[in-house]
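K.L.:
Below is the sequence, then the predicted model.
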Amino acid sequence: MQITYVLELLKPTNKKENNFLKNIEQVVKIRYEISKLLKSGENNLSSADFPHIELPSAIKNQDIREVKSLYRRFKKSNSKKENLDFKPNQPLCYNNQNYKIDNHIISIPLYTTKTTRFAFPVKKTKRFYELQEHINNGSKLGKASLFYKKSKWYFAVTIQIPNKNNNNTNIMGIDIGLRQLAVASINTFKDKEINRQFHNGKQAGFIRKKYRSVRKNMGELKKIKAIKNLNDKEQRWMSDLNHKISSQLINLAVQEQVGTIVMENLKNIRNTAQSINEADRNLDSWAFYQLQQFIEYKAKMAGIKVEYINPKYTSQRCSKCGKVEKSNRNGNLYSCSCGNHIHSDLNAARNIADKFLHTLEQQSA
């Protein structure tokens, strides 16, 4: 499987930063030119076709590959735009033969008056050490990109990690929502629960209300830039929380010998979440999707398969007798006439795992 590690560079000197920016200006220019040539029917392009662009040939060739890929998707999208459009902060892209990572130093080619290699130290974060461990274990590096965001410089590296496989048969059903950000139920193949885990959404709800209130005040004062910075800060906080939740879920899955994690299809998850305004609903949808993505890639690293099921009736069905009754769910409590009194999100998590098990049974019948 492929994973991308985003490493933050230590602040470069003004000279190096200016050189970065000049190279990025040239990337924007060449990408526009490539897209125009592709539109005119020219497909056999190389760095030699752009002698006036002041970039290393390695970056030119990688840009050709990147824009060709973008152009294919653009054509398939049936967009009403005339051609591709590019923002001014395009990344400098490299294939795995054009950059080097030596401990905490990244070496890349840039153009000044000629192509020259530059060395940049990176911050030694947890993600950096994870990448180093993969490199030391022989994992293959893929393409990389240098880009800036909010006056900081980053180097994104893709890496190929061998897929792990296990023959474990235990199933983990995960219900994702607002009151409980995630509830997991681990079941054996014979549908017997052996463990569970709750991740309460109370703190996230408090933070969300806090930011919502501040945004409202800023909106009245028309502080558009401040609102955007606040939104970015809220998303960073939520991303950190999602990383922690996903790690704890995968650690539990490994501990309980889970072979498959099952979640609801995200397209329908949003229908179960209630929020005050459109901005909050968008944030919830993004947070749900991101948490699922974190769970999925960490599960694959641990050799655990991930499946998605249709969420229809998972919150209304009784996990004990199978009866579907919407009124049985009342807030955090699910109560059924069969005597099943259970946390409503745990009931849903059990149903998610059970629904997948029934699908397997039907396929093998």
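P.N.:
Right, received. Where do you want to start?

K.L.:
Secondary structure element holding F356?
P.N.:
helix 344-364 (DSSP states H and E).

K.L.:
C321 too?
P.N.:
Going by DSSP H and E, C321 is not in any helix or strand.

K.L.:
neighbours around the closest residue to it other than its chain neighbours, how many?
P.N.:
Leaving aside its chain neighbours, C321 sits nearest to C338 (4.0 Å; criterion: C-beta to C-beta, 6 or more residues apart in numbering). All C-beta spots, glycine's among them, are computed from the backbone N, C-alpha and C. By other C-beta atoms under 10 Å, the residues close to C338 number 12.

K.L.:
any idea how far L230 lies from G205?
P.N.:
17 Å (C-beta to C-beta, to the nearest Å).

K.L.:
Who has more neighbours out of the two?
P.N.:
Using other C-beta under 10 Å, the more surrounded residue of L230 and G205 is L230, with 16 against 13.

K.L.:
The residue nearest to C321 should be in a helix, yeah?
P.N.:
No: C338 sits outside any helix when classified using DSSP: H, G, I helix; E, B strand; the rest coil, being coil.

K.L.:
Isn't it up against K320?
P.N.:
Yes: using C-beta atoms under 8 Å, C338 makes contact with K320 at a distance of 5.6 Å.

K.L.:
What's the biggest helix in the chain, counting residues?
P.N.:
helix 224-255 (DSSP state H).

K.L.:
list the buried ones in it?
P.N.:
By 16 or more other C-beta atoms under 10 Å, the buried positions in helix 224-255 come out as 227, 230, 234, 238, 241-243, 245-246, 249-250, 252-254.

K.L.:
and what of stretch 312-324?
P.N.:
So for stretch 312-324, counting by 16+ other C-beta under 10 Å, buried means T314, S315, Q316, R317, C318, S319.

K.L.:
Kindly report the same for stretch 92-104.
P.N.:
L92, C93, Y94, N98, Y99, I101.

K.L.:
Just the CA coordinates for it, please, in CSV.
P.N.:
Provided in CSV are the C-alpha atoms of stretch 92-104 (Å, rounded to 0.1, in the frame of the first residue of the first chain):
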residue,chain,number,x,y,z
LEU,A,92,7.5,21.3,-7.0
CYS,A,93,7.2,17.6,-7.9
TYR,A,94,10.0,15.0,-8.0
ASN,A,95,10.1,11.3,-8.8
ASN,A,96,12.0,9.0,-6.5
GLN,A,97,15.3,9.3,-8.4
ASN,A,98,15.5,13.1,-8.1
TYR,A,99,15.5,13.6,-4.3
LYS,A,100,17.4,12.1,-1.4
ILE,A,101,16.6,11.7,2.2
ASP,A,102,19.7,11.3,4.4
ASN,A,103,18.7,11.1,8.0
HIS,A,104,16.9,14.5,8.6
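
K.L.:
List the contacts of it.
P.N.:
20, 23-24, 27, 56, 58-59, 61-63, 66, 106-110, 121-122, 124, 128, 131-132, 135, 140-147, 157 (C-beta atoms under 8 Å, 6 or more residues apart in numbering).

K.L.:
what's the following helix or strand after the longest helix of the chain?
P.N.:
Next along from helix 224-255, by DSSP H and E: strand 258-264.

K.L.:
Could you check how far the closest residue to W286 other than its chain neighbours is from F147?
P.N.:
Distance criterion C-beta to C-beta, 6+ apart; nearest residue to W286, sequence neighbours excluded, is Q235 at 7.5 Å. When distance is defined by C-beta to C-beta, Q235 is 18 Å away from F147.

K.L.:
need the strands for the stretch 151-300 of the chain, in chain order.
P.N.:
152-160, 170-176, 180-187, 193-200, 258-264 (DSSP state E, counting those that start in this stretch).

K.L.:
Who does the last one pair with, and is each partner parallel or antiparallel?
P.N.:
Translated: strand 258-264. When pairing is defined by DSSP bridges, strand 258-264 lines up against strand 170-176 (parallel), strand 305-309 (parallel).

K.L.:
just to revisit the earlier point, now mean pLDDT and distance to S364 too, for the strands of the stretch 151-300 of the chain, in TSV please.
P.N.:
Compiled in TSV, these are given as follows (pLDDT from 0 to 100; distance: least, C-beta to C-beta, whole Å):
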stretch	mean pLDDT	distance to S364
strand 152-160	93	33
strand 170-176	95	15
strand 180-187	95	17
strand 193-200	94	22
strand 258-264	95	15
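
K.L.:
Turn these into JSON lines, columns for distance to Y289 and mean neighbour count.
P.N.:
Output for the strands of the stretch 151-300 of the chain, formatted as JSON lines (distance: least, C-beta to C-beta, whole Å; neighbours: other C-beta atoms under 10 Å):
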{"stretch": "strand 152-160", "distance to Y289": "20", "mean neighbour count": "17"}
{"stretch": "strand 170-176", "distance to Y289": "10", "mean neighbour count": "27"}
{"stretch": "strand 180-187", "distance to Y289": "13", "mean neighbour count": "25"}
{"stretch": "strand 193-200", "distance to Y289": "16", "mean neighbour count": "16"}
{"stretch": "strand 258-264", "distance to Y289": "11", "mean neighbour count": "25"}
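
K.L.:
TSV please, covering those strands and showing distance to Q363.
P.N.:
Listed next are the strands of the stretch 151-300 of the chain as TSV, based on distance: least, C-beta to C-beta, whole Å:
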stretch	distance to Q363
strand 152-160	31
strand 170-176	15
strand 180-187	18
strand 193-200	23
strand 258-264	13
